[in-house]
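> take this sequence and fold it.
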Amino acid sequence: MRRNFIRFLFSFLVLLIAGACIAKERIQPNVIIIITDDQGYGDLGFTGNPHVKTPAIDAFAKESIRFNQFYVSPVCAPTRASLMTGRYSLRTGITDTYNGGAIMAPGEITIAEMLKNAGYKTGLFGKWHLGDNYPSRPNDQGFDESLYHLAGGMGQVGDFTTYFKRDSSYFDPVLWHNGKQETYQGYCSDIFADNALKFIEKNKESPFFCYLSFNAPHTPLQVPDKYYQIYKNIDPSTGFEDDDRPFVNMSKKDKEDARKVYAMVTNIDDNLKKLFEKLDQLKIADNTIVIFMTDNGPQQIRYIAGMRGRKGNVYRGGVRVPFFMRYPKLTKKDIDIETTAAHIDILPTLAELCNVNLPNDRIIDGKNMLPAIKGKDVNWEDRPLFFYWTRKYPELYNNIALQKGKYRLIGKTDYNAPINNFELFNFNEDPYEQKNLVEKEKEVAIKLKNLLDNHYQELIQSENLINSPLIIIGSQHENPIVLNRNDASGERGIWNQQEVYGKWKVHIKQGIYNVKFKFIEPVKANGRMFLETSPIINQMVNNTKNTDIIEMKNVQLPEMKGDLLSYYMIGRKSIFPFWVELEKID
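Got it, this is the predicted structure:
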């Protein structure tokens with residue numbers, strides 16, 4: 001009898017321990033990151049905008065942990081690379097929003113990969129903008145499910161499935177579901193949100209990571225008419241007469257753009273209301289970390305809480321954004337935190353909250369925000385934050401900044417400029433960056449410039465910057481493959497020009513290929529089509545009619561790492577294709 005009792009007790013303890021382990025696994029928090037595109041700090045009712053209607057986000061903000069000094073990069077892809085990896089974007093190979101500079105190195109470890117390795121289900125819905133081809137697509141970088149558009153925006157040249165739709169590119173689009181083209185009905189923000197909700201419901205029993213990355217309110221400014229009607233009669237420049245904050249004059253076009261942006265933001269707000277309600281219905285809100293943020297300042301002129309600068313600019317208006325985080329199991333209180341934080345801090349914070357290991361084989365630039373949330377003295381005011389953006393690559397002292405403590409040093413000058421040509425602001429006393437202190441506090445400026453120089457020199461020597469990520473052609477993971485304009489480099493600012501020099505940085509697997517070239521407009525007959533792959537040049541005469549598609553079949557391509565060039569010569573004109581499709585057939 002005693003022996004049976006001991007066996008029973010032992011079995012009971014084993015089950016109890018196993019149950020405790022299962023329970024511990026079940027309380028691992030879900031994670032939802034919501035990021036909007038080109039929605040500035042001032043595009044919320046919560047941040048003082050009297051015109052835009054965002055009741056769901058405002059209510060969410062009021063019950064959240066609010067980092068009131070939160071910073072990102074001045075433009076889309078660098079912000080997203082830093083968010084996903086906890087590293088400055090230059091370390092990841094991301095330098096730009098196009099020009100071939102928006103391809104993240106496949107060796108980077110994303111939040112999705114980090115959480116997937118810990119048993120999470122992972123999904124992306126919306127904008128990716130870190131590489132459109134293998135091995136840099138979202139489904140190559142840790143996402144179990146992905147529904148996204150190509151390039152930096154729908155209707156842009158890189159997103160070739162929506163580009164020719166022009167003024168209706170946000171409606172009934174062809175999107176990419178797990179790397180394959182699929183047609184969808186409706187408005188893009190509704191499509192992304194609805195599919196995110198399906199993913200959440202499907203995975204409610206296990207921990208999940210949902211990255212809901214709206215492409216709105218990025219241009220082109222398209223929105224369902226019922227939302228536009230809410231704003232069609234407002235004057236977005238009014239309501240600030242008694243405000244002592246700087247406000248830039250708005251043109252007629254600025255005002256119309258603001259109406260459309262506010263309409264797009266209200267549509268997002270309606271979709272987020274559905275998301276918050278879904279979490280309550282599924283009874284998982286308490287155990288779900290929800291983050292809301294935006295990727296940079298506004299592209300157009302409108303209210304931005306008095307700050308200087310917009311998207312693309314290293315002044316605060318270009319890089320300071322709202323950041324709200326709700327996690328009831330951590331705290332049910334709403335908290336204002338003035339500690340400076342940034343996009344690079346999100347990955348290490350999630351690693352701590354989700355009890356997963358950080359990558360230990362690389363530099364993680366971000367810091368865990370949890371001590372600041374718990375009110376501990378983190379001494380973050382002394383850490384420097386580096387900002388830059390110029391087209392294609394960083395340019396020394398041109399639109400570059402370093403922030404440390406209460407000071408911001410801004411460089412918008414020549415590579416060899418003296419310190420007097422810089423701007424120094426104390427943003428605690430001068431949040432609108434109107435009073436340049438460089439002459440008055442020159443020693444501070446010189447110290448910050450030395451730090452800026454150190455950051456710049458280190459980052460431009462990053463391995464993924466020196467050896468740019470390559471698109472792999474001929475892989476079983478993506479065959480056929482389409483090379484688009486967003487990932488083409490060559491002439492600075494290459495976009496939708498026809499007579500322009502362009503190329504793609506690739507790794508070609510040796511084999512026989514069928515190659516198709518698509519042009520923005522039909523090219524004239526009797527020209528020559530060229531395909532250059534290192535020392536091998538294939539060319540053929542197009543002696544048929546004018547056409548926007550030319551095909552080369554059974555092309556033998558070598559194993560190669562380097563530049564793929566393609567162009568159509570007609571007379572003295574060299575015309576660059578809109579896209580190139582390569583299919584390995586042997």
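> so which residues of the stretch 401-550 of the chain form strands?
Secondary structure of the stretch 401-550 of the chain, counting by DSSP state E, counting those that start in this stretch: strands at 407-412, 423-426, 471-473, 481-483, 489-490, 502-508, 511-523, 527-533, 536-542, 547-557.
> out of these, which is closest to residue 188?
The closest of the strands of the stretch 401-550 of the chain to residue 188 is strand 481-483. By CB to CB, the value is 20.4 Å. From N, CA and C alone the C-beta is placed, and that goes for glycine too.
> show me what the helix ranked longest in the chain is packed up against.
Longest helix in the chain, counting residues (DSSP state H): helix 252-281. Packing contacts for helix 252-281, counted by 3 or more CB pairs under 8 Å, 6 or more residues apart in numbering; DSSP states H and E, involve strand 30-36, helix 55-62, helix 188-202, helix 225-231, strand 288-294.
> so where's the stretch 251-400 of the chain uncertain?
Residue ranges of the stretch 251-400 of the chain with pLDDT under 70: 381.
> what about the strands in it?
Applying DSSP E, counting those that start in this stretch to the stretch 251-400 of the chain gives strands spanning 288-294, 323-326, 335-337, 341-342, 385-388, 398-404.
> on that earlier part again, would you mark the buried spots in the longest helix of the chain?
Under the neighbour-count criterion of 16 or more other CB atoms under 10 Å, helix 252-281 has 254-273, 275-276, 278-279 buried.
> distance to residue 197 and mean pLDDT for the strands of the stretch 401-550 of the chain - can I get that in a markdown table?
Converted to a markdown table, the strands of the stretch 401-550 of the chain look like this (distance: least, CB to CB, whole Å; pLDDT from 0 to 100):
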| stretch | distance to residue 197 | mean pLDDT |
| --- | --- | --- |
| strand 407-412 | 40 | 98 |
| strand 423-426 | 43 | 98 |
| strand 471-473 | 33 | 98 |
| strand 481-483 | 30 | 98 |
| strand 489-490 | 38 | 94 |
| strand 502-508 | 37 | 98 |
| strand 511-523 | 35 | 97 |
| strand 527-533 | 45 | 97 |
| strand 536-542 | 48 | 96 |
| strand 547-557 | 39 | 97 |
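> mind putting the ones you listed into JSON lines with distance to residue 51 and mean neighbour count?
Formatted as JSON lines, the strands of the stretch 401-550 of the chain follow (distance: least, CB to CB, whole Å; neighbours: other CB atoms under 10 Å):
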{"stretch": "strand 407-412", "distance to residue 51": "29", "mean neighbour count": "23"}
{"stretch": "strand 423-426", "distance to residue 51": "28", "mean neighbour count": "21"}
{"stretch": "strand 471-473", "distance to residue 51": "43", "mean neighbour count": "23"}
{"stretch": "strand 481-483", "distance to residue 51": "41", "mean neighbour count": "20"}
{"stretch": "strand 489-490", "distance to residue 51": "41", "mean neighbour count": "18"}
{"stretch": "strand 502-508", "distance to residue 51": "42", "mean neighbour count": "21"}
{"stretch": "strand 511-523", "distance to residue 51": "38", "mean neighbour count": "18"}
{"stretch": "strand 527-533", "distance to residue 51": "52", "mean neighbour count": "19"}
{"stretch": "strand 536-542", "distance to residue 51": "54", "mean neighbour count": "13"}
{"stretch": "strand 547-557", "distance to residue 51": "44", "mean neighbour count": "15"}
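> just name the most buried of the strands of the stretch 251-400 of the chain.
strand 341-342 (a mean of 27; mean count of other CB atoms under 10 Å).
> that older thread, in JSON lines: the strands of the stretch 401-550 of the chain, plus distance to residue 325.
Shown next, in JSON lines, are the strands of the stretch 401-550 of the chain (distance: least, CB to CB, whole Å):
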{"stretch": "strand 407-412", "distance to residue 325": "24"}
{"stretch": "strand 423-426", "distance to residue 325": "28"}
{"stretch": "strand 471-473", "distance to residue 325": "35"}
{"stretch": "strand 481-483", "distance to residue 325": "38"}
{"stretch": "strand 489-490", "distance to residue 325": "37"}
{"stretch": "strand 502-508", "distance to residue 325": "37"}
{"stretch": "strand 511-523", "distance to residue 325": "43"}
{"stretch": "strand 527-533", "distance to residue 325": "48"}
{"stretch": "strand 536-542", "distance to residue 325": "53"}
{"stretch": "strand 547-557", "distance to residue 325": "48"}
